[in-house]
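[1] Turn this into a model:
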Amino acid sequence: MKKILLLSIILFQTISWSQERNYAENSIIVKLKTAFNNKSLSAEEKFKLPILKNVQSQFEVEKIVRTGNPALENTYVISFSEKEDISSVISEYLKTNIFEFVEPNYTGTSGGQCMDALDFIPNEPLFPRQWGLKNTGTFPLAPSVEGADIKMTEAWDFETGDPNMIIAVLDSGVNLDHPQLAGRLWKNTGEVLDGIDNDNNGYIDDVDGYNFAYGTNNLADDWGHGSNIIGLLGSIPNDGIGYAGINWESKIMPVKMLNQDGAYLTAQWAIDALYYAVNNGAKVINMSFGGSGDSTAFHEAVIFAHNAGCVMTVSMMNFDNAVPYYPAAYAETIAVGSIDPDGNRSDPFFWDPNSGSNYGSHIDLIAPGNFTYGIAGVSDSNYGTYWGGTSQAAPHVAGVASLLLAQNPTLTPEQIRTIFRETADDQTGDPAEDGQGFDIYYGYGRLNAFRAISDVLDVADFSENSNEVTVFPNPVNSDGILNLKSVSENIVSMKIYNVLGALVKSENIGNVATQATFNISQLSNGIYMIEVFSENNKKIGFKKVILNK
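    Coordinates of the predicted model:
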């Protein structure tokens with residue numbers, strides 16, 4: 001085993017924020033009541049109402065900018081030229097009685113830290129570093145346990161992604177030119193680089209996405225966090241370099257809303273980024289960030305995304321406490337904690353002895369997050385960067401969610417949450433924390449990609465005679481033996497088709513009975529449809545079967 005030489009420690013210190021001040025001191029977010037929201041007026045005109053004259057005169061308003069749902073035009077950020085006592089500002093604006101809510105412009109930060117190390121299977125030469133996808137128990141940087149992973153290699157036998165699906169990553173941007181992302185990133189086909197808002201979505205030249213932290217179309221990753229997340233999701237597999245992403249086919253939409261310090265300094269950045277992702281077609285959205293402020297405007301954006309059918313995966317954060325951070329604490333998101341290569345909750349992460357995966361009653365499940373290698377934010381050839389945090393755990397779940405939707409696009413966010421909960425590996429961590437069933441440290445257990453995808457396949461039933469024939473075991477195991485059982489009719493023959501509909505096997509039963517056994521070990525691993533017939537060529541069953549030798 002090659003020793004790893006640590007070249008340098010890049011423990012990017014996130015902006016610290018306390019329970020006392022977790023918001024901007026020079027702005028607020030307001031939402032106009034319907035009766036006071038004339039959409040034909042500009043923002044400036046809306047806020048010239050006589051009833052606002054007194055309150056506006058108390059504070060020097062620098063600018064008023066729309067945020068929230070673009071279609072409603074009722075939510076705004078009011079910025080002041082100087083720092084203000086925000087509690088007093090809110091009180092005065094609420095007295096006007098024209099707003100549904102007035103709240104602080106909350107802040108937050110990313111949920112991960114990184115380190116650089118010297119370089120010491122899809123055919124990626126560095127795939128052994130991706131312990132979270134396949135853990136052989138030989139990971140060199142920390143104690144590791146064989147099998148403490150998400151069973152990704154088994155899941156890839158059955159699904160690698162839908163090329164027509166969009167996965168959005170709200171983060172610090174992306175290394176647009178990285179070779180492992182060539183062709184994987186979303187493009188806004190309605191926009192061209194000409195200084196004009198061609199698609200009339202309010203953003204100029206957003207061909208690659210948009211930068212809400214700085215108000216430009218520059219998606220460059222000045223923090224590195226976003227590139228790591230996107231690499232975990234979408235690095236090109238089987239190209240002989242670097243790493244393999246969880247999803248091999250779908251497009252990744254980068255939406256920048258974290259600044260160069262890995263923070264969002266106003267909730268407006270996160271709000272506008274989320275609406276942008278939804279309105280541009282994202283079906284899965286990863287948000288590896290959080291803040292302790294419960295923003296009504298941000299929650300409305302989360303609800304909007306949830307109602308649009310978007311699956312949102314979110315990091316629990318890394319403070320080793322049970323304080324709820326948002327958006328993880330919102331009921332509409334899937335909250336993800338982090339584990340180490342030994343399967344235990346990350347406590348601490350490698351970068352700070354006082355850190356640790358957050359916990360609480362809102363956690364859904366846990367996934368690999370510490371010592372997570374991936375592509376770099378600036379360099380195209382540095383494959384020695386690894387991160388640690390619940391930030392890295394969340395995209396594991398996002399990637400698998402995208403594979404579930406590739407199998408069955410009709411699944412709702414809540415159905416996907418249920419699948420994750422029901423197929424998670426329970427009691428795999430520290431027995432002192434990982435109790436039977438749900439617990440506040442591991443949620444419902446460790447993400448299991450293979451079981452989750454198998455669950456979707458097993459539930460799918462293509463027969464009008466769905467209860468007549470049962471197939472077991474399903475998935476078919478290493479011996480390739482498949483058993484069929486009919487409720488009432490004798491089984492005479494069967495046909496097996498691949499996912500393209502081609503007939504790959506046909507067999508008549510020698511001893512006609514209500515039960516039959518077939519050996520399908522000669523077939524390749526994959527997904528098949530089995531058609532079952534009784535006498536007179538009567539079809540009595542049509543089942544989807546997984547072969548996983």
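[2] hey, let's count contacts and neighbours off CA atoms from now on
    OK.
[3] In this structure Ala424 contacts Arg446, no?
    Yes: the pair Ala424 / Arg446 is scored as a contact, 5.1 Å apart, by Cα atoms under 8 Å.
[4] These two: who's more crowded?
    Arg446 (30 against 26; other Cα atoms under 10 Å).
[5] On the strand side of things, show who that one bridges to.
    Per DSSP bridges, residues listed as beta-bridge partners of Arg446: Ile366, Asp425.
[6] who touches it in this structure?
    Listed by Cα atoms under 8 Å, 6 or more residues apart in numbering, the contact partners of Arg446 are 150, 365-367, 424-426, 428.
[7] which of these tops the neighbour count?
    Most surrounded of these: other Cα under 10 Å gives Ile366, at 34 neighbours.
[8] Tell me if I am right that Leu232 is in a helix.
    Yes: assessed with DSSP: H, G, I helix; E, B strand; the rest coil, Leu232 lies in a helix.
[9] Give me the neighbour count for it.
    For Leu232, using other Cα under 10 Å, the count is 25.
[10] got the contact list for it?
    Applying Cα under 8 Å, 6+ apart, the residues near Leu232 are 244-246, 374, 392, 395-396.
[11] Look up how far Gln392 lies from Tyr383.
    16 Å (Cα to Cα, to the nearest Å).
[12] Out of these two, name the residue with the larger neighbour count.
    Of the pair Tyr383 and Gln392, Gln392 is the one with more neighbours under other Cα under 10 Å, namely 33 against 19.
[13] Quick check: the more buried one is in a helix.
    Yes: secondary structure assignment places Gln392 in a helix (three-state DSSP).
[14] OK, contacts around it?
    111-112, 229, 232, 288, 315, 338, 368-370, 372.
[15] same check, this time on Ala367
    132, 149-150, 336-339, 393-394, 396-397, 446-447.
[16] do that again at 10 Å, thanks
    Ala367 makes contact with 132-133, 148-150, 336-340, 343, 345, 390, 392-397, 424, 442, 445-448 under the criterion Cα atoms under 10 Å, 6 or more residues apart in numbering.
[17] Now do the helices in the stretch 51-200 of the chain.
    53-58, 86-94, 152-155 (DSSP state H, counting those that start in this stretch).
[18] Out of the helices and strands in the chain, which is least certain?
    For the chain, counting by mean pLDDT, DSSP states H and E, strand 113-116 ranks last in confidence among helices and strands (a mean of 55).
[19] How about the secondary structure of the most centrally placed residue in the chain?
    Most central in the chain under Cα atoms, centre = their mean is Ala398, positioned 2.8 Å from the mean C-alpha point. Three-state assignment for Ala398 (three-state DSSP): helix.
[20] wait, isn't it in contact with Thr333?
    No: the pair Ala398 / Thr333 is not scored as a contact, 11.1 Å apart, by Cα atoms under 10 Å.
[21] Show me the common contact partners of these two, please.
    Joint contacts of Ala398 and Thr333 (Cα under 10 Å, 6+ apart) are 285-287, 311-314.
[22] Kindly reformat these as CSV containing distance to Leu482, secondary structure and pLDDT.
    Below are the shared contacts of Ala398 and Thr333 laid out as CSV (distance: Cα to Cα, whole Å; DSSP: H, G, I helix; E, B strand; the rest coil; pLDDT from 0 to 100):
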residue, distance to Leu482, secondary structure, pLDDT
Ile285, 38, strand, 98
Asn286, 39, strand, 98
Met287, 42, strand, 98
Val311, 35, strand, 98
Met312, 37, strand, 98
Thr313, 37, strand, 98
Val314, 40, strand, 98
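[23] Closest one to Gln56 out of the residues you listed, please.
    Minimum distance to Gln56 across the shared contacts of Ala398 and Thr333 is 35.0 Å, recorded for Met287 (Cα to Cα).
[24] Show me what that closest one is bridged to.
    The partner residues for Met287, given DSSP bridges, come to Leu170, Val314.
[25] So, low pLDDT: which residues of the protein?
    Filtered on pLDDT under 70, the chain yields the residue ranges 1-21, 110-121, 457-467, 499-501.
[26] so Gly224 sits right up against Leu176, yeah?
    No: if you go by Cα under 10 Å, Gly224 and Leu176 don't touch, sitting 11.9 Å apart.
[27] For the two, list the residues in contact with both.
    Between them, Gly224 and Leu176 share the contacting residues 377-378, judged by Cα under 10 Å, 6+ apart.
[28] how many other residues sit next to Lys46?
    For Lys46, using other Cα under 10 Å, the count is 16.
[29] what are the phi and psi angles of it?
    Backbone dihedrals for Lys46, given as degrees, to the nearest 10, come out at phi -60, psi -30.
[30] related to what we said a few turns ago, hey, which of the helices of the stretch 51-200 of the chain is tucked in deepest?
    Among the helices of the stretch 51-200 of the chain, helix 152-155 has the highest mean neighbour count (mean count of other Cα atoms under 10 Å), at a mean of 19.
[31] ok, residues contacting that one?
    Helix 152-155 is contacted by residues 121-122, 132-135, 246, 396, 400, 403, 447-454, 525-526, 548-549 when judged by Cα under 10 Å, 6+ apart.
[32] if we go to 6 Å?
    Under the criterion Cα atoms under 6 Å, 6 or more residues apart in numbering, residues 133, 449-450 lie in contact with helix 152-155.
[33] Please apply the same query to stretch 430-442.
    By Cα under 6 Å, 6+ apart, stretch 430-442 touches 344, 359-361, 365-366, 427, 444.
[34] List the buried residues of it.
    434-435, 438-442 (16 or more other Cα atoms under 10 Å).
[35] Over to stretch 473-484?
    Those would be 474-476, 480-484, for stretch 473-484 by 16+ other Cα under 10 Å.
[36] between those, which is nearest Asn519?
    Distances from Asn519 to the buried residues of stretch 473-484, taken by Cα to Cα, are shortest for Ile481, at 4.7 Å.
[37] Give the phi and psi angles for that closest one, as a check.
    phi -90, psi 120.
[38] Also Lys39?
    With angles defined as degrees, to the nearest 10, Lys39 sits at phi -70, psi -10.
[39] Give me the nearest residue to it, chain neighbours excluded.
    Nearest-residue entry for Lys39: Glu73, 6.6 Å, with adjacent residues in sequence omitted and distances by Cα to Cα, 6 or more residues apart in numbering.
[40] gap between that neighbour and Ser42?
    Relative to Ser42, and taking Cα to Cα, Glu73 is found at 10 Å.
[41] neighbour count winner among those two?
    More crowded of Glu73 and Ser42, by other Cα under 10 Å: Glu73, with 19 against 11.
[42] Val476 contacts Leu547, correct?
    Yes: using Cα atoms under 6 Å, Val476 is in contact with Leu547, at 4.8 Å.
[43] Now a PyMOL select for only the buried ones of the contacts of helix 152-155.
    Buried residues among the contacts of helix 152-155 (16+ other Cα under 10 Å), as a PyMOL selection:
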select buried, resi 133+449+450
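[44] how about the contacts of helix 152-155 in CSV, adding distance to Glu414?
    Conversion of the contacts of helix 152-155 to CSV gives the following (distance: Cα to Cα, whole Å):
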residue, distance to Glu414
Leu133, 24
Ala449, 17
Phe450, 19
